[in-house]
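Undergrad: quick one: sequence plus predicted model below, questions after.
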Amino acid sequence: MGNKHETFTFKLGDFKLQSGKILKDAFLIVDVQGELNSAKSNAIVFATCFGGDHNFNQMGIGEGRALDPSKYCIISPNLFCSGQSSSPSNASPSQKGSKFPLVTYYDNINAQDKLLQEYFGITNPLLYIGFSMGAQQAFHWGALHGSRTGGIVPICGTAKTTFQNWIALEGCKLALTADAAFDNGNYTSPPSIGLKAFSMNYTSRLFDQKGYEENLHLGLFGGLADDHAYFQTLNDLFSGIDANNLIGMANTWQHGDIGKHEKFGGSTAKALSNITCPALVMPSSSDISFVAEDNIPEVKKMPDADLKVIDSKYGHFAGSMSPALSSEKEVNFIDDGIKDLLEKIG
């Protein structure tokens, strides 16, 4: 018999954001694999990443894996602006498209906490894990709720978006919005030139120079014929995402900083010191979006954190937990680290 698997909508109603604005008729699309035990002690929150929804997360889940649905209840709440949960593309008419408000990571965390407590009756999740934007969510979750969480695992992400990372994202946004068809977010058909420009800008940072020179990108997705096929694959991915959704996710990413909460008064260091649960921070040695060195000072300020660098040439994708985007070496290294942490906290 297969493991329980369901996807559902959790209605948040009129949801107050950090900005004070109200996100009208807000909702989360939530994917659940595995079954919650009677003690509600086996819940793992698996946050989603930029351009990847709960379907992307499924590549990191499986029997025998660290995230094993026969042992754990794995809950994947989709990011706001992902096109799944409340987003510019599916919002109430008064907030649709370019009128969608800025959503922060803490807004996502607050919605997810509401989901856990009100729908599942969970106050103490066993683990919170995420890759890329999911990793940044893990840091934010740990800062607010570490005292009642078994542990967090941020993979290829930082607690605060670096200025270099911000600039790269701003370049992606400007490339997209420069397309006349974008029309300040009021387009009637996809701004295809802008989406292609966004894709090329973003793709430039998926591998470092050596990774691209060694043609590791051609081994992705089961194997690609040439550079053109690689570019086309990524362009197809980004062209399938609503342009305002891309802008919305990028805005959330750019505003990433766990210190930006009334509890911490803008102090990232204070927020890091409040991540009291065990933490396993796993950057990629070749990631140029979330540079491994940037995690070192963050981990030093966390009371119970380990830094385990993924030794890899696969750049940002090294943290994807999928052999289709890296190799078995990276997948096994990450899985082993998570299993060790689960043994420690379980």
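TA: Received, thanks.

Undergrad: mind listing what residue 331 touches?
TA: Shown in contact with residue 331 (CB atoms under 8 Å, 6 or more residues apart in numbering): 321, 322, 323. All C-beta atoms are positioned from the backbone trio N, CA, C, and that covers glycine.

Undergrad: now which of the residues you listed would you call buried?
TA: For the contacts of residue 331, a burial check counting by 16 or more other CB atoms under 10 Å picks out 321, 322.

Undergrad: tabulate the contacts of residue 331 (TSV), appending distance to residue 155.
TA: Output for the contacts of residue 331, formatted as TSV (distance: CB to CB, whole Å):
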residue	distance to residue 155
321	7
322	12
323	15
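
Undergrad: thought residue 67 was touching residue 339, still the case?
TA: No. Assessed by CB atoms under 8 Å, residue 339 is found out of contact with residue 67, at 9.7 Å.

Undergrad: quick one: which of the two has more around it?
TA: Between residue 339 and residue 67, residue 67 has the larger neighbour count (other CB atoms under 10 Å), namely 25 against 15.

Undergrad: I'd guessed residue 324 sits against residue 224; true?
TA: No. In this structure residue 324 lies outside contact range of residue 224 using CB under 8 Å: 11.4 Å.

Undergrad: more crowded one of these two?
TA: Remark: of residue 324 and residue 224, residue 224 carries more neighbours, 17 against 14, as counted by other CB under 10 Å.

Undergrad: spell out the secondary structure type for that one.
TA: Three-state assignment for residue 224 (DSSP: H, G, I helix; E, B strand; the rest coil): coil.

Undergrad: and it, how far from residue 236?
TA: For residue 224, the distance to residue 236 equals 12 Å [CB to CB, to the nearest Å].

Undergrad: show me where the chain has its helices.
TA: Under the criterion DSSP state H, the chain contains helices at 54-57, 105-115, 133-145, 163-177, 192-203, 209-213, 227-239, 243-254, 268-273, 292-300, 328-345.

Undergrad: what residues of the last one count as buried?
TA: It stands for helix 328-345. 330, 331, 333, 334, 335, 337, 338, 341, 342.

Undergrad: check stretch 220-229 too.
TA: Quick answer for stretch 220-229 (16+ other CB under 10 Å): 220, 224.

Undergrad: what mean pLDDT does it have?
TA: Per-residue pLDDT over stretch 220-229 has a mean of 96.

Undergrad: ok, how many other residues are close to the closest residue to residue 301 other than its chain neighbours?
TA: Leaving aside its sequence neighbours, residue 301 sits nearest to residue 272 (CB to CB, 6 or more residues apart in numbering; 3.9 Å). A total of 25 residues lie near residue 272 under the criterion other CB under 10 Å.

Undergrad: can you check residue 309 too?
TA: With other CB under 10 Å as criterion, residue 309 counts 17.

Undergrad: again with residue 19
TA: Close neighbours of residue 19, defined as other CB under 10 Å, add up to 12.

Undergrad: so it touches residue 251, yeah?
TA: No. Using CB under 8 Å, residue 19 makes no contact with residue 251, being 11.6 Å away.

Undergrad: could I get the contacting residues of residue 138?
TA: 47, 128, 129, 130, 152, 153, 154, 157.

Undergrad: report the buried residues of stretch 61-71.
TA: Buried residues in stretch 61-71 (16+ other CB under 10 Å): 61, 62, 65, 66, 67, 68, 69, 71.

Undergrad: now those residues as a markdown table including pLDDT and distance to residue 229?
TA: A markdown table is the format used below for those (pLDDT from 0 to 100; distance: CB to CB, whole Å):
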| residue | pLDDT | distance to residue 229 |
| --- | --- | --- |
| 61 | 98 | 28 |
| 62 | 97 | 28 |
| 65 | 98 | 29 |
| 66 | 98 | 32 |
| 67 | 98 | 30 |
| 68 | 98 | 34 |
| 69 | 98 | 33 |
| 71 | 98 | 38 |
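
Undergrad: between those, which is nearest residue 174?
TA: residue 61 (35.9 Å; CB to CB).

Undergrad: can you tell me how far the nearest residue to that closest one once chain neighbours are set aside sits from residue 101?
TA: Excluding its sequence neighbours, the residue lying closest to residue 61 (CB to CB, 6+ apart) is residue 67, at 4.6 Å. Distance check for residue 67 against residue 101: by CB to CB, it reads 32 Å.

Undergrad: just to revisit the earlier point, for residue 279, find the nearest of the helices of the chain.
TA: Here helix 133-145 is closest among these (CB to CB), at 6.2 Å.

Undergrad: could you check how far the closest one is from the centre of its chain?
TA: How far helix 133-145 lies from its chain's middle: 10 Å, per CA atoms, centre = their mean, to the nearest Å.

Undergrad: buried stuff in it?
TA: 133-145.

Undergrad: that helix vs helix 243-254, what angle?
TA: Here helix 133-145 points in a direction 50 degrees away from that of helix 243-254 (axes from the mean of the first three to the mean of the last three CA atoms, to 10 degrees).

Undergrad: in strands only, show me the contacts of residue 138.
TA: In strands, defined here by DSSP state E, the members of the contacts of residue 138 are 128, 129, 130, 152, 153, 154.

Undergrad: quick one: the buried residues of helix 328-345 as a markdown table, columns for pLDDT too.
TA: Listed next are the buried residues of helix 328-345 as a markdown table, based on pLDDT from 0 to 100:
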| residue | pLDDT |
| --- | --- |
| 330 | 98 |
| 331 | 98 |
| 333 | 98 |
| 334 | 98 |
| 335 | 98 |
| 337 | 98 |
| 338 | 98 |
| 341 | 98 |
| 342 | 98 |
